[in-house]
Structure formats: structure tokens, C-alpha cells
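Participant: generate a structure from the sequence data that follows.
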Amino acid sequence: MKYRRLGKTELEVSTVGVGTWQFGGEWGMDFTQKEVDDILTTSKECGINLIDTAECYGDHLSEKFIGKFLEQDKREDWVLATKFGHHFHNNFERTNHWSAKEVIEQLETSLKYLRTDYIDLYQFHSGSDEVFNNDELWTALDKQVKAGKIRHLGISIGSNQNVHQTDLASKVNASAIQVVYNRLEREPEELVFPSCEKQDLGVLARVPLASGYLSGKYKPGATFGQQDVRHKHDQQEVVEKLKLVEDIQRNEVPEGVNMAQWALAWCLQHPAVTTVIPGCKNPEQVRLNASAADLDLVKETHPQAIK
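Facilitator: Numbering: from 1, shown residues only. Modelled structure (predicted):
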């Protein structure tokens, strides 16, 4: 495993982290505590030290699983990132809660379920510019930083082109940006990444496997059941994506290299990216994800890897 400094913070994070949206049940499967423990134990064995979760991955369900694991492990070995701004009701059904009072209540609930006294990275979660432009919210969060309950603030932008929130990150004392970035979705390269580099912000690349399309498992014509989140995607776009993935696999992925491993390593080639945070269903997927840290792509051979 390799490690990089997360922006202007003192945190050294693994270049491959573990995303935990799946623990909330919206991937079409329910996890047991043992399954979560096995995934996180394997992550640690592979050198992964970053866990990314959120208040609305289930009703703090993902946080509950993680907290029970951390209670039996060494909290200081992990960089723990979570988010705020929403309340989960049912699968894919959430309400927004952005007032300073509501967010501080969310923080206390997250701390309780994560069974920790502090959160390493507390992230504004895909909110609008209107709710972002709330000085009272950021003042309240700064007080929590001073109190030691939050080590660093971050912004998980909802749009790949949201340069407004990115540009104001330093002003609100945020040290990291989380954004969708993968071989199929390269918009952050245009505006977001240059702003991050200028401010020395860490970048967490979420959905690095493009919801699994870049895993190489699916060919044009593949269909997804109603319990699969991809069932909700525009079907014509799915067809086009899978055709593009087929071309990428044929023309860009080196022979003998697993496509999912390549796709994660591709993200890490961009100098702005600190870490990728793919989801995983089992320890085998964790090991495959972690191995991407050791895959070096050659710029001359794969010019698409670096803009």
C-alpha cells in the first residue's frame, strides 16, 4: 500500500480507501456485522487506513457497523471520514437537514454510533450552493473543530463541476474535496482539480469504478435487476457506457491486468487525486482494490491516464 498526505492536513491516507455506502443496504444486499468485520479486517491487512461513510447510508446503519468494528480494533489506526446533511428514511429516500442545530445533532449521533470521540474528516454532503453559503453552519462546525470532535472539515460536492464550493473550501476551513471521478467521468479535471491543487486540498475520488461498469464484468446488453441500483440508471446511457467500457478494455487496459484494478490505478495517476474510495462486498474485492496501489501506469503507453 502507498500513502499520501490529505491536502494541507497532517493525515497520511492510503491511496486506496474503503467506501461503505453498501453497508446501508442500497446495493441490494444486507450485511451482517461479521461480514463488515471481515471486510474491514482485510482492509487493514492490506494497508488500507481510510474508511469513508455517511450519516445516510441507512439510518446511520453503516456507521453502526463500523463503530462496532472499531470498538474491537485500534481507533488510532484509522482515518475515519463521514458526512452530514441528510436523514435516511427508506432506500433512496432522504430528507435534507442543513441548519447548524440539525448538523450538530447529526454529529453527536455519528460520534455515538461510530463509538469514537472524534471524526477525522467531517464532510458537507452534496448540498446546494444555497445551503453551503451559510456562515452560521460553518461557524458552528469550527467550534466543534476547536472542541476536538472534528479534526478536519471536507466537502463532498454533488456536481462534478461545482467549482463554487471547491473555490470556497479554504474560506470555510475545509481541507478536502470528495468528487465523482473515473475513466468515464472526467469533468473534475477541467475546474475542480485545478482549484484543489491551487489550495492544496486533498481529493477523495468516489465511484472510481463508475458504479461497477469499469469492473470489466459487464458487456453491452447486460441488464440489472430491480434490487440493483443500476436498474435506476437511464438504459440508453447504460448501453453507451458499456460500449465505451468495451473499447477501453480493448485499447487501454494492458493485457493480463484486471480492469477494476486498472480503473482504480487510472484515477490515482492524476496528480490532484489523493485516494480512491471504492465500495466492496467481500474480502476478495478488498484485496483486488488494494492491489491497484501497486499498479504503475506508463504515461507514454497510456496517454489517457494523464490529461
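Participant: please make it C-alpha for all contacts and neighbour counts, starting now.
Facilitator: Will do.
Participant: residue ranges for the helices of the chain, please.
Facilitator: For the chain, applying DSSP state H gives helices covering 33-45, 61-71, 100-114, 129-132, 135-146, 163-167, 192-199, 235-251, 259-268, 283-291.
Participant: test my guess that Val13 contacts Leu50.
Facilitator: Yes. Taking Cα atoms under 8 Å as the definition, Val13 is a contact partner of Leu50 at 6.1 Å.
Participant: what touches both of these two?
Facilitator: Val79 (Cα atoms under 8 Å, 6 or more residues apart in numbering).
Participant: circling back: quick one, which of the helices of the chain is nearest to Lys217?
Facilitator: Evaluated over the helices of the chain, closeness to Lys217 peaks at helix 259-268, with 8.8 Å, by Cα to Cα.
Participant: helix 235-251 and the closest one, what's the angle between them?
Facilitator: 90 degrees (axes from the mean of the first three to the mean of the last three Cα atoms, to 10 degrees).
Participant: chain center to helix 259-268: distance?
Facilitator: Here the centre of helix 259-268 is set off from its chain's centre by 15 Å, with Cα atoms, centre = their mean, to the nearest Å.
Participant: and the worst-scoring helix or strand of the chain on mean pLDDT, what's buried?
Facilitator: None of the helices or strands of the chain scores lower by mean pLDDT, DSSP states H and E than helix 235-251, at a mean of 84. Of the residues in helix 235-251, Val238, Val239, Lys241, Leu242, Lys243, Leu244, Val245, Glu246, Ile248, Gln249 count as buried by neighbour count, 16 or more other Cα atoms under 10 Å.
Participant: and if you look at stretch 281-299?
Facilitator: Lys281, Pro283, Gln285, Val286, Arg287, Asn289, Ala290, Ser291, Ala292, Ala293, Leu297.
Participant: grab the nearest non-local neighbour of the fifth one.
Facilitator: This points to Arg287. Here the nearest residue to Arg287 in space, its sequence neighbours aside, is Cys46; by Cα to Cα, 6 or more residues apart in numbering that works out to 6.7 Å.
Participant: just checking, Thr275 touches Glu12?
Facilitator: No. Assessed by Cα under 8 Å, Thr275 is found out of contact with Glu12, at 10.4 Å.
Participant: of those two, who's got more company?
Facilitator: For Thr275 versus Glu12, neighbours defined as other Cα atoms under 10 Å are more numerous around Thr275 (30 against 16).
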